[in-house]
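Asker: Return a 3D structure for these sequence lines:
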Amino acid sequence: MIKTIEKYPIATLSIVIVLMLLIHLDVPNVTIMEARNFITAREMVQDNNWLLTTMNDEARYQKPPLPTWLTAISGLIFGMKSLFVLRLPAALMVLFLGIFSYYFSLKLELSKKHSFQNSLILITSFYVFGIINEAPWDIFAHGFMFAGLYNLYQFFEAEQSKWKQAILASIFIGFSIMSKGPVSLFAVFLPFLISYGIVFKFKNFKPKIIPFVLCVILFLAIGSWWFLYVRIVDTQAFLEIATKETGNWSSYNVKPFYYYWSFFTQSGLWTIPAFISLLYPYLIKRVQNKKVYKFTFWWTIIAVILLSSIPEKKARYLMPVLIPLALNTGFYIQYLMQKFPLLTSKKETIPVYFNFGLIAVTAIALPFGLYIILKDNFNTYMLNYILTSIASLIIGVLILKFLVTKKFKIVFYLTVLFMVSIFLFGLPISKSINKNEDFKAINTLHSIENQHNINTYSIGAITPELLWDYNGFLKDIYKNEQLNIPSEANFGILIMNEDVKKITTQLSENYILKLTETYNLNVGSKNKERLIRQFYLVSKK
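Answerer: Here you go, the predicted structure:
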C-alpha cells in the first residue's frame, strides 16, 4: 500500500486534498475575512465591478483582485450562493502549493520519497489549510510566490540563462502581488533570496544579472498595474485606503518582537518534529544533504526575523513561514525513517515517542471526547460519530503498535491518515456547536422590506458576515457622529445594542420607531455584539 502511495505522489496529494478539504468544504461557518472577499466577488458579478472593486457598494482597494476574480469566475460558472463553489479556488491552491513543494524538493536534489513527504507535511500543517477559512487570499499570494521561486531557483542554478524560467518566475510572482500586494515579497521572496545567497552564494550569477533585472521589472509590472489603474481612476478613495492600511503596519495589533517565536506550533501535528528540525547543531550532523538543509533552515529563520521586525503582528501572518519549515521538517522525518530502528539514545527516542504517542492517545480518546461534546445532538450526528470513532480508534492503536516496533514510515503515513479521517468523517460534527437559540439570519429581512415597501439603512458600518448573509446593500447613515436621515417617510434601520438609546433619542422627536426584529448571526453559545443588530421600522410623525 505504501509503495503504491509513494509511486503516485501527485495523485495521492490530490486524493488527500479531496478527502480532507473538498468533501466538506461548505461546512465551516463564514468568517469575517471570507465574508469581505465573497461580498466583493458577488458585487463583481452583480454590478460588473471587475476592476474598481467594491464592498457594500463602496470602494474596497485594500486587497488586489486576482483571488476575487478566480472566486467570482467560480461563482459565475457554478453559482454564487454555494459556499463550496466560492471556497473551491482557495482549497485548490493548497493542492497547488503541495504539488510545487514536491517538484521544488526534487529540484533541490532530494529523493522522490523525501519530496513527497515534504508535500504531505506542508498540506497537513495546521495554518496552511486553516488559512483558507480564516484569510483565504493569503494562500493565493504565497502559493503563487512559491511557484515563482520554483522557477527562479532553476534560473539561478542553470549554467546558462534560462529565459523560460525567468519569465515563468515573473508571471507567478506577479500573480502573488496581484493576490495580496507586496506581503509575500517580504515574507517569502526576500528570505528565499537571502538564504540562497548564504548557502549557494549566487555562483556564476554575472551573466544572469540582466535577465534577473528584467525578471524583477516584469513581475513588478504584472503585480502593480491594477494599483496604478485604481490610483489614476479613483485617486481619492485609493489614497484614503492606502494611508489607513500603511498606518496599520505600525499602530494596529502591535506586538513585541518575540511574539512569533512559537511559530513552529502553527504546524499542528508536526509541532515537535518541526521544533527538532530547527535544532541546527543536532540535525546538521544527521542529514545527508547538508547544503539543502542549511538552505531551508536559513529560509525559515530569516522569514521569522523579517516578519518579527514589523510592528503589526497576527498569528496568521506566520503562514508563509510554514512553507520552508515543512521542507526543513522533512529532513528530520527522513532521518527518523532511516535511523529510528537503530536509535538507542533516550534523548533521540523520547521526543518521537512523546509526539506520535500523544497523537495516538488523542486518536484513541477522541470517541469519548466527541460523545461528551455531542450530548443531546448525538442522534443527529450518529453516523459521523461512528465513522470518526472507528477510524480514530484503529489509527490510534496502529500508531502505537508501529511506534513500539519502530516502523516509523508507517507511523508517519498513519499520522497523515488520522488528519484526513478527522476532516472526512468528523468535520460535520462541528456543526453541533451551532446551538444558539437566539440565532436569526438577517436575510429574512427582505420579506419585511417587501411587505412595507421600504429600504433599510445601517447605523454605523455593517459587519461583513451580516452583510454577506443579507445579500444586498446596507448604506451607513451614521458617520463621524453625524446622523444623515434618509428622505423617505418610512424606512428601516439596523442598530447595534450599544447605539440603540443614542439613535432612538435623536429620531424620536420627529419619527415613530418600532422595534420589529433582532437579528443575531452568532452560531455558538457566545453572543458577539458585532453580529447582533436591532431592526426598527421608522415612520415620520
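
Asker: what's the spacing between residue 100 and residue 64?
Answerer: Residue 100 is 21 Å from residue 64, where distance means Cβ to Cβ, to the nearest Å. (Each C-beta comes from the backbone N, C-alpha and C, glycine too.)

Asker: ditto for residue 107
Answerer: Separation of residue 107 from residue 64 (Cβ to Cβ): 29 Å.

Asker: neighbour count winner among those two?
Answerer: Counted by other Cβ atoms under 10 Å, residue 107 and residue 64 do not tie: residue 64 has more neighbours, with 25 against 13.

Asker: helix/strand/coil for the more buried one?
Answerer: coil (DSSP: H, G, I helix; E, B strand; the rest coil).

Asker: Next, count neighbours for residue 165.
Answerer: 21.

Asker: before we move on, what about residue 177?
Answerer: Neighbour tally, residue 177, other Cβ under 10 Å: 28.

Asker: got the contact list for it?
Answerer: 64, 141, 184-185, 219-220, 222-224 (Cβ atoms under 8 Å, 6 or more residues apart in numbering).

Asker: 6 Å instead, please
Answerer: Each residue near residue 177 by Cβ atoms under 6 Å, 6 or more residues apart in numbering is listed here: residue 223.

Asker: and it, what helix or strand is that in?
Answerer: Assigned by DSSP states H and E, residue 177 belongs to helix 163-180.

Asker: Over to residue 142?
Answerer: Per DSSP H and E: helix 137-157 holds residue 142.

Asker: just residue 403 next, same as before
Answerer: With DSSP H and E as criterion, residue 403 is part of helix 382-404.

Asker: what residues does that helix touch?
Answerer: 356, 360, 363-364, 366-367, 370, 410-411, 414, 417-418, 421, 425-426, 428-429.

Asker: So which bits of that helix are buried?
Answerer: Within helix 382-404, the residues scored as buried using 16 or more other Cβ atoms under 10 Å are 384-385, 388-389, 391-392, 394-396, 398-400, 402-403.

Asker: Point out where the stretch 301-450 of the chain drops to low pLDDT.
Answerer: Along the stretch 301-450 of the chain, no part satisfies pLDDT under 70.

Asker: could you pull out the strands for the stretch 301-450 of the chain?
Answerer: Taking DSSP state E, counting those that start in this stretch, the stretch 301-450 of the chain contains no strands at all.

Asker: where exactly do the helices run in it?
Answerer: Using DSSP state H, counting those that start in this stretch, the helices found in the stretch 301-450 of the chain span residues 322-339, 346-374, 382-404, 408-421, 445-452.

Asker: can I get those in a markdown table with distance to residue 282?
Answerer: Converted to a markdown table, the helices of the stretch 301-450 of the chain look like this (distance: least, Cβ to Cβ, whole Å):
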| stretch | distance to residue 282 |
| --- | --- |
| helix 322-339 | 9 |
| helix 346-374 | 9 |
| helix 382-404 | 21 |
| helix 408-421 | 17 |
| helix 445-452 | 60 |
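
Asker: among the ones you listed, which is nearest residue 277?
Answerer: Proximity to residue 277 (Cβ to Cβ) singles out helix 322-339 among those, at 4.1 Å.

Asker: So which bits of that closest one are buried?
Answerer: So for helix 322-339, counting by 16+ other Cβ under 10 Å, buried means 322-337.

Asker: From those, pick the one nearest residue 96.
Answerer: Proximity of the buried residues of helix 322-339 to residue 96 (Cβ to Cβ) peaks at residue 323, which lies at 12.3 Å.

Asker: what's near enough to touch the closest one?
Answerer: Residue 323 sits next to residue 146 when contact means Cβ under 6 Å, 6+ apart.

Asker: now do 8 Å
Answerer: With Cβ under 8 Å, 6+ apart, residue 323 has these contacts: 97, 101, 122, 128, 142, 146, 188.

Asker: quick revisit: save the buried residues of helix 382-404 as JSON lines, and put in distance to residue 292 too.
Answerer: What follows is the buried residues of helix 382-404, written out as JSON lines (distance: Cβ to Cβ, whole Å):
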{"residue": "384", "distance to residue 292": "42"}
{"residue": "385", "distance to residue 292": "44"}
{"residue": "388", "distance to residue 292": "38"}
{"residue": "389", "distance to residue 292": "41"}
{"residue": "391", "distance to residue 292": "35"}
{"residue": "392", "distance to residue 292": "35"}
{"residue": "394", "distance to residue 292": "36"}
{"residue": "395", "distance to residue 292": "32"}
{"residue": "396", "distance to residue 292": "34"}
{"residue": "398", "distance to residue 292": "32"}
{"residue": "399", "distance to residue 292": "29"}
{"residue": "400", "distance to residue 292": "33"}
{"residue": "402", "distance to residue 292": "28"}
{"residue": "403", "distance to residue 292": "28"}
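
Asker: Name the nearest of those relative to residue 238.
Answerer: Nearest to residue 238, judged by Cβ to Cβ, of the buried residues of helix 382-404 is residue 384 at 47.6 Å.

Asker: where in the stretch 51-200 of the chain is pLDDT low?
Answerer: Along the stretch 51-200 of the chain, the parts satisfying pLDDT under 70 run over 161.

Asker: how near is residue 497 to residue 479?
Answerer: 19 Å.

Asker: Spit out the contact partners of residue 79.
Answerer: By Cβ under 8 Å, 6+ apart, residue 79 lies in contact with residue 85.

Asker: now the helices: where do they sit in the stretch 101-250 of the chain?
Answerer: Along the stretch 101-250 of the chain, counting by DSSP H, counting those that start in this stretch, helices occupy 112-123, 126-134, 137-157, 163-180, 183-184, 190-199, 209-233, 235-251.

Asker: Please name the residues that touch the residue most central in space within the chain.
Answerer: Residue closest to the mean C-alpha point of the chain, counted by Cα atoms, centre = their mean, is residue 131 at 1.5 Å. Residue 131 sits next to 138-139, 316, 319 when contact means Cβ under 8 Å, 6+ apart.

Asker: Would you check which pair of those residues lies furthest apart?
Answerer: Checking these with Cβ to Cβ, the most distant pair is 139 and 316, at 10.7 Å.

Asker: For the two, indicate the residue with more neighbours.
Answerer: Under the criterion of other Cβ under 10 Å, the comparison of residue 139 against residue 316 puts residue 139 first, with 28 against 13.

Asker: Nearest residue to that one in space, ignoring adjacent ones along the chain?
Answerer: Using Cβ to Cβ, 6 or more residues apart in numbering and skipping the chain neighbours, the partner closest in space to residue 139 is residue 93 (4.5 Å).

Asker: element containing the one you found?
Answerer: Short version, using DSSP H and E: residue 93 is in helix 83-107.

Asker: I'd assumed residue 189 was in contact with residue 320.
Answerer: No. Taking contacts as Cβ atoms under 8 Å, residue 320 lies outside contact range of residue 189: 9.7 Å.

Asker: quick one: pLDDT of residue 16?
Answerer: For residue 16, the model assigns a pLDDT of 96.

Asker: tally of neighbours for residue 530?
Answerer: Residues near residue 530, counting by other Cβ under 10 Å, number 15.

Asker: List the contacts of it.
Answerer: 463, 496.

Asker: Repeat that for residue 325.
Answerer: By Cβ under 8 Å, 6+ apart, residue 325 lies in contact with 125, 263-264, 267, 274, 277, 296, 300.

Asker: can you check residue 278 too?
Answerer: Contact analysis of residue 278 by Cβ under 8 Å, 6+ apart lists 264, 297, 300-301, 328.

Asker: these two touch, right, residue 264 and residue 274?
Answerer: Yes. Assessed by Cβ under 8 Å, residue 264 is found in contact with residue 274 at 4.1 Å.

Asker: Farthest from the middle of the chain: give me that residue.
Answerer: Most remote from the centre of the chain, using Cα atoms, centre = their mean: residue 541, at 50.5 Å.

Asker: so how far is residue 490 from that residue?
Answerer: With Cβ to Cβ as the criterion, residue 541 and residue 490 are 12 Å apart.

Asker: on that earlier part again, any residues in contact with both of residue 320 and residue 189?
Answerer: Counting by Cβ under 8 Å, 6+ apart, the common neighbours of residue 320 and residue 189 are residue 145.

Asker: Look at the two and report which has more neighbours.
Answerer: Neighbour count, other Cβ under 10 Å: between residue 320 and residue 189, residue 320 has more, with 27 against 21.
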